[in-house]
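In: Predicted coordinates and the sequence they were generated for:
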Amino acid sequence: MATNEISKAPGASPPFSLAHDDWGRLVLTDAEGNRRSGVEVVRAFPLSAPRQFVSICDPKGRELLWLDRLDDLPESLAQRVEDELSKREFLPIVHRIVSISSPVEPSEWEVETDRGPTLFMLDSEDDIHELDECRALITDAHGIRYLIPDTTKLDEESLRYLERYL
Amino acid sequence: MNESDEKWGALPPEWREDTAAQLQAGETLLAWFEPDLDERLHYARGLVVLTDRRVLARGRARWDDWPLTEGTSLRTAEHGSAGLLEWVNGAGRLACWRYTAAKATAAHRLVQRLSALQSNGKTEDLESARAVCPSCGATIDADDGRCETCVAGPAKVSPSALLRLVSFARPRAGLIALGFLLTLSATAAGLVPPYLTMPLIDNVLIPWQENQVDNFHLAVWYLSGLAAAALLAWLLEWGKLYVLAWVSERISADLRSQTYAHLQRLSVEFFGGKRTGDLISRISNDTERLCNFLSLNLIDFATDILMIAMTAAILFTIDPLLATAALCPFPIILWMVARVRSRLLRGYLQAGAAWGAMTSVLADTIPGIRVVKAFAQESREIERFDASNERVFHSANRLNKVWSLFGPTVTLLTTAGLLIVWAFGIWHVQRGAIKVGVLTAFLAYIARFYTRIESMIRMASAVQRASASAQRVFEILDKYSNVPEPTRPVRPGRLQGRIELRGVRFKYGAREVLHGLDLTVEPGEMIGLVGPSGAGKSTLINLICRFYDVSAGAILVDGVDIRSYPVEEYRRNIGIVLQDPFLFYGTIAENIAYGRTDASREEIVAAARAARAHEFILRLPCGYDSLVGERGQSLSGGERQRISIARALLIDPRILILDEATSSVDTETEREIQVALENLIRGRTTIAIAHRLSTLRRANRLVVVENGHIAEIGRHDELLEARGSYARLHRAQMELVNGSVSDGNE
């Protein structure tokens, strides 16, 4: 019940702490000193508002804590949350499209990302979503997502590859 | 309104004298009705009149009358599209009249008037039953509810749909004029070269060949003139094509937008009667065809006409006699075009319809693919598609038949024209009337002339094709919404949510599904609508949402007829949760904010929390940024339902409609949704339909609808005690639940 009350109070600046236990599980200690282990940190709007709206859920997906803005937290704690998020989220940022195997799907894409070069298969052109004016999200055959944060900043060759999907 | 009108109501003048002769002293006319069929259901006009003393009927030649005595009554019955009005007493039927659906409302009115008279002796005269049209303020008959001035007449058929494109072209008049000017000058520039060949041959080549006269210094001038003309023609052509292509693309884009915008404003009724595929085909295919027509054919056509006129002028200035001979086949070609035109138009209309039918098959089966596969009907669907594809082929083939004969015939005629020029020309040269150069130039011109004619003939087909497309597009634009905007709107602002139904009737075609409902719902009250399927519950909700308008009676919200509110502003006060919630392609956040695109992320999250959707959304890979809808993340029925509840919560409506919101999910999920719904219902006027009576526990009152009537109103326990329809329904459900439990135990 106590956890429920916390989640119902959005915006309240939450003095809490995050730590790892001996098994490597993430442990949340809230203001009252209640400890929950195995919690997960998730962003509610990972693409449209990554620095805001972070939720900490128990292993069953129930919300324990809601953070409106990461910037409101003490810097070390914000960094902590940020670290956990980056450990959990795998969303490579595509810097360059090196080649596309064929103009019709399924096609093999060779890309350079912030996590290194990789190859993936694109099943259909429907798997490339234009999120807004200049951002694109690609979902590959395995469901792995790749983000292009700003299509206008791509080099000319990459843009030529991507153009027909947007 | 003059005095006699007041006395007679709307009784048609031709009946007045006749009726007056029948009335006794002091007898007043209460209502009248014109049956329009005889007993064999052939059209025949008659008249039935209700007065405060008698029922009078005018048959084929004579009047009958019956006094209003104890136990006599009128009743209506409807079979198919013909209705029967019966005049009965305790012993049997005294008389009957038959009528078409067009007279149904008048028949019901007669019955109502009589029962009003018999139950409380109310002899209200015709005048007091009049009301004011909520839309335009004209006086209308309160029973009928339809305002003559507001009901749209039959659609106007314009002679040439293509001409109506002019209204779309008007805003671009400046550019079109520029394009036309460029066309004119480009065409003129294109006509210069043959003119220059004339002196080139006569002054340079022939003198050299015959007399060795060296005039070659002139040739340089002529050749540079030719080059300059070609360069100029190229430049002008370029400008012309670009300007006109831009304009035509713009016009067809405007047409597309306007058609789609118009489509969005049409009432739900329109979409019920239309095939999705056909509508898509009209907006995409037909407008595209129009664009092609405007950008390619029309430009060519204009150029052709100009070219033909200019060439003809040049020909006549060079040699009138030769010109007359050369133009001989021209009238024959024109006559042929006129003949073939109407056949082409019919052919293209048919082809358009066949194309629409084929798209409809696709639009039908692709969304329903699961049913197709489940019933193993793939091959039948393939056959169905083949059949409509075959129709596309045949309609195209019919056109080709006309076209394949027509085209070569024109070519033959143009060749004939050329032959005539040759023959005439040779004879002229022989006589010494003209020089060889003139003949060459003439031949060059006439060749151009007839190529232009040929390409212009092809226009005949393009024009017909385009006007068929234009007709199909304008057909949508000419449709009026059955839910018209009021001409004198009342701004609803934020409503209180008091709903009042007054004698609401509704007809689907000839079938009346609601027979005069009266109900008042207080602000914040929750009403549960119960009753068997087809009783009219969903119809009632459609009327309250104003997807349709009542056939008679009125629906008042906060004391104002809803037809007086601007439709969009009124609907902004209504939130709807349907049985099968529809999610659009987009993110979850966008779907929740569908009714209020300016909602902040905090508000979206708050709505999702209240709708019990927040936690499952967080579990999705992109949270609120996850894509859903067609092509997106697949969600379960309960999850989609909770998103639609969040959507309704976010717009904070005063009136909430729940149409079987929980019937498509399991009981466990239903419990979850119930919690979400309770947050939603709080403080709002709510009308909920549910088959599971358990879901209506929260309702302040339950309204039992049966066969288009309100059978019972009351709280759950009151209705159980009354042992009426509700008690019966409740017992049946309890038996079903207990039965299934005991089955499970065995």
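Out: Done, it's in. Residues are numbered from 1 along each chain as shown, chains lettered A, B, ... in the order given.

In: Mind jotting down where the helices sit in chain A?
Out: Secondary structure of chain A (DSSP state H): helices at A:2-7, A:75-88, A:156-163.

In: so can I have JSON lines of those helices showing mean neighbour count and distance to chain B?
Out: Using the backbone N, CA and C atoms, a C-beta is placed for each residue, glycine as well. JSON lines is the format used below for the helices of chain A (neighbours: other C-beta atoms under 10 Å in any protein chain shown; distance: least, C-beta to the nearest C-beta, whole Å):
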{"stretch": "helix A:2-7", "mean neighbour count": "14", "distance to chain B": "8"}
{"stretch": "helix A:75-88", "mean neighbour count": "14", "distance to chain B": "11"}
{"stretch": "helix A:156-163", "mean neighbour count": "14", "distance to chain B": "18"}
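
In: Serialize the ones you listed to JSON lines and add fields for mean pLDDT.
Out: Formatted as JSON lines, these follow (pLDDT from 0 to 100):
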{"stretch": "helix A:2-7", "mean pLDDT": "38"}
{"stretch": "helix A:75-88", "mean pLDDT": "84"}
{"stretch": "helix A:156-163", "mean pLDDT": "84"}
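
In: nearest to B:Asn292, of the ones you listed?
Out: helix A:156-163 (24.7 Å; C-beta to C-beta).

In: Let's have the helices of chain A in JSON lines, adding distance to B:Ala535.
Out: JSON lines is the format used below for these (distance: least, C-beta to C-beta, whole Å):
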{"stretch": "helix A:2-7", "distance to B:Ala535": "42"}
{"stretch": "helix A:75-88", "distance to B:Ala535": "53"}
{"stretch": "helix A:156-163", "distance to B:Ala535": "56"}
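
In: So which of those helices is nearest B:Ala470?
Out: When the helices of chain A are compared by C-beta to C-beta, helix A:156-163 sits nearest B:Ala470, at 33.7 Å.

In: what does the closest one rub up against?
Out: Helix A:156-163 is contacted from outside by A:Arg96, A:Ile97, A:Ser99, A:Ile100, A:Ile128, A:Ala136, A:Ile148, A:Thr151, A:Leu154, using C-beta atoms under 8 Å, 6 or more residues apart in numbering or on different chains.

In: Try it again at 10 Å.
Out: Helix A:156-163 is touched from outside by A:94-100, A:103, A:107, A:109, A:111-112, A:128, A:136, A:138, A:148, A:151-154, A:166, with contacts defined as C-beta atoms under 10 Å, 6 or more residues apart in numbering or on different chains.

In: Only whichever of these are buried, select them in PyMOL.
Out: What follows is the PyMOL syntax selecting those of the contacts of helix A:156-163 that are buried according to 16 or more other C-beta atoms under 10 Å in any protein chain shown:
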select buried, chain A and resi 94+95+97+100+107+109+111+112+128+136+138+148+151+154
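
In: Please parse the chain into its domains.
Out: No chain in the question, so chain A it is. As assigned by automatic domain parsing, chain A contains the domains A:2-88, A:94-163.

In: looking at chain B here, not the other one
Out: Annotated domains of chain B cover B:3-141, B:166-477, B:499-745 [automatic domain parsing].

In: Kindly compare burial across those and name the winner.
Out: domain B:499-745 (a mean of 19; mean count of other C-beta atoms under 10 Å in any protein chain shown).
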